[in-house]
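[1] what shape does this take:
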Amino acid sequence: MKVKEVIAALEQFAPLPLQDDFDNSGLQIGLTEADVTGALLCLDVTEEVIAEAAAKGLNLVVAHHPLLFHPLKAVVGRTFVERCTIQAVRQGIAVYAAHTSLDNAVGGVNYEIARRIGLTDVELLTHKDVGALEGGAGVVGALAEPADEASFLTLLKERFSVSALRHNRLTGRSIRRVALCGGAGAFLLRDAIRAGSDCFITGEIHYHDYFGHDDEILMVEMGHYESEQFTPCLLQRLLKERFPKLRAELTELNTNPIQTL
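    Residues are numbered from 1 along each chain as shown. Okay, the predicted model is just below:
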């Protein structure tokens, strides 16, 4: 099996035209004609992740977040991005990123989050106009049974192993319709409100975004890493369905750069 075959399967599910304009999804390092010994699936590419792939004999890293967001003017090991690049090339490891292409895909990252919460009747929150491709940012769905705010927040903490959630003021509302977007999804807050959502969940919300919405919607900030932590599981499921014999392994590393005390 060639690298290009794995890429084709990924891009059939999450076509690159679905990615946002700022993004850099796709093959970032490596040769498409190389034979694949196996894939390591992760959220972030770090030096430790590249080393893990090499130690396990896996020559393809499939990540959610791109290692290369901006053009490199030099590759001399001054930054972790340069060091990762050098290490991957030396070890013959290809690096692929399925970022907003997977975020915006039907059945992608946000659908996985919704599945983990237990939402039903999940649909896109917004739609992206890319020819005949169906996709868009965020999703909205419904809980099987309404929940009070405190119980719903407790459910989120348990399902995503979050030590603390940030949220706006609790008003005693019943939570049934839930909108969400993994990662930095605060730009969808107005869309969530227009969709009649009782709650909007995302990874990051700016301080000033919290003002003025207490009576409109429950806003929940889970953490960027925490909200997208199951993306490698989604990637593993996709690859195993297409290539049952492919070694597609989840990283054993927690790459969250944000620590709390």
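
[2] what about the residue lying closest to residue 240 once chain neighbours are set aside, neighbour count?
    The shortest distance from residue 240 to any non-neighbouring residue, by CB to CB, 6 or more residues apart in numbering, is to residue 248 (5.7 Å). The way it works is simple: take the backbone N, C-alpha and C, and place the C-beta from them, glycine included. Residue 248 has 24 neighbouring residues, counting by other CB atoms under 10 Å.

[3] average pLDDT for the host helix or strand of residue 140?
    Residue 140 is part of strand 139-148, with elements assigned from DSSP states H and E. Averaging pLDDT along strand 139-148 gives 98.

[4] tell me which residues of that strand are tucked away?
    139, 140, 141, 142, 143, 147 (16 or more other CB atoms under 10 Å).

[5] and residue 230, how far is that from residue 158?
    To residue 158, residue 230 is 14 Å away according to CB to CB, to the nearest Å.

[6] out of those two, which sits in the busier spot?
    residue 230 (19 against 9).

[7] surely that one and residue 114 touch.
    No: here residue 230 does not reach residue 114: they are 11.0 Å apart, not a contact under CB atoms under 8 Å.

[8] quick one: classify residue 68 as helix, strand or coil.
    coil (DSSP: H, G, I helix; E, B strand; the rest coil).

[9] please apply the same query to residue 62.
    Under three-state DSSP, residue 62 comes out as strand.

[10] how about the helix or strand following the strand holding residue 140 as PDB, C-alpha atoms only?
    Using DSSP H and E, the helix or strand that follows strand 139-148 towards the C-terminus is helix 149-160. Only the C-alpha atoms of helix 149-160 are listed here, as PDB (Å, rounded to 0.1, in the frame of the first residue of the first chain):
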ATOM      1  CA  GLU A 149     -27.800  22.900  33.200                       C
ATOM      2  CA  ALA A 150     -25.800  21.400  36.100                       C
ATOM      3  CA  SER A 151     -26.500  17.800  35.000                       C
ATOM      4  CA  PHE A 152     -25.500  18.500  31.400                       C
ATOM      5  CA  LEU A 153     -22.300  20.200  32.500                       C
ATOM      6  CA  THR A 154     -21.500  17.200  34.700                       C
ATOM      7  CA  LEU A 155     -22.100  14.900  31.700                       C
ATOM      8  CA  LEU A 156     -19.700  16.800  29.600                       C
ATOM      9  CA  LYS A 157     -17.000  16.700  32.300                       C
ATOM     10  CA  GLU A 158     -17.400  12.900  32.600                       C
ATOM     11  CA  ARG A 159     -17.600  12.100  28.900                       C
ATOM     12  CA  PHE A 160     -14.500  14.300  28.000                       C
END
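
[11] which secondary structure elements does helix 149-160 sit against?
    helix 109-117, strand 218-221 (3 or more CB pairs under 8 Å, 6 or more residues apart in numbering; DSSP states H and E).

[12] which parts of stretch 85-101 are buried?
    85, 87, 88, 93, 94, 95, 96, 97, 98, 99, 100, 101.

[13] before we move on, what about stretch 120-132?
    Within stretch 120-132, the residues that qualify as buried are 122, 124, 125, 126, 128, counting by 16+ other CB under 10 Å.

[14] out of these, which sit inside strands?
    122, 124 (DSSP state E).

[15] residues touching stretch 145-163, excluding its own?
    116-118, 143, 164-165, 167, 170-176, 199, 201, 218, 220, 222-223, 226-227, 229, 260 (CB atoms under 8 Å, 6 or more residues apart in numbering).
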